[in-house]
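1. Structure here, sequence nowhere to be found:
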């Protein structure tokens, strides 16, 4: 945190905002930490103080967006006790958010293979953050499900959501969410 003209500035957030803007403009392959620093109004060394390299910066941007989406989704589902309804609503919120995400739209337009590879890799920040949220969703609403089955369920749902995010079908989000929730619930409750 820095203080600029009496205002506390979160330097990390400023850098992430600049990286988001630059990723939307030029994509991932051409993302330059020098340009991110210029947009953020900080030195290149300051960027490196927060992020070791370009990959770490990209992961931080993605993680921040995923955290925001999942936090909003989790908060909206707190009052929904039924697993099927919570899953349907959660899937709809996540897919709608993805369809309206300017960086994801730009990257899917310019670098779809890179986005698919990045988001579906075993170390993907999306999968790493989504799995525990899904496990919690099941554990709080269907506590009799064995832990192993719950983990498989969470992993499967997270991976399918990534797939539907990077290759969105033509159907309306609510229709996709309802169908997926039906299929998933039939599998986890069996």
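-> Okay, I see it. All figures in this text were calculated on a predicted structure; none of them were measured in a lab.
2. show me the contacts for residue 44.
-> By Cβ atoms under 8 Å, 6 or more residues apart in numbering, residue 44 lies in contact with 33, 34, 37. (Glycine included, C-beta is placed from N, CA and C.)
3. Would you mind stating the distance between it and residue 35?
-> 10 Å (Cβ to Cβ, to the nearest Å).
4. List the contacts of the longest helix seen in the chain.
-> Using DSSP state H, we find that the single longest helix of the chain is helix 54-77. Helix 54-77 is contacted from outside by 15-16, 19-20, 23, 28, 31, 33, 36, 47, 51, 86, 89-90, 93-94, 97-98, 101, 103, 118-119, 125-126, 129-130, 133, 136-137, using Cβ under 8 Å, 6+ apart.
5. So how do I select the buried members of those in PyMOL?
-> Selecting the buried subset of the contacts of helix 54-77 in PyMOL, with 16 or more other Cβ atoms under 10 Å as the burial test, is done by:
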select buried, resi 15+16+19+20+23+28+31+33+36+47+51+86+89+90+93+94+97+98+101+103+118+119+125+126+129+130+133+137
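6. Run through the residues that contact residue 106.
-> Residues in contact with residue 106, defined by Cβ under 8 Å, 6+ apart, are 23, 24, 25, 27.
7. Just the pLDDT for the residue nearest to the spatial centre of the chain.
-> In the chain, the centroid-proximal residue (Cα atoms, centre = their mean) is residue 66; its distance is 2.6 Å. pLDDT for residue 66: 83.
8. what does residue 6 give?
-> Looking at residue 6, its pLDDT reads 46.
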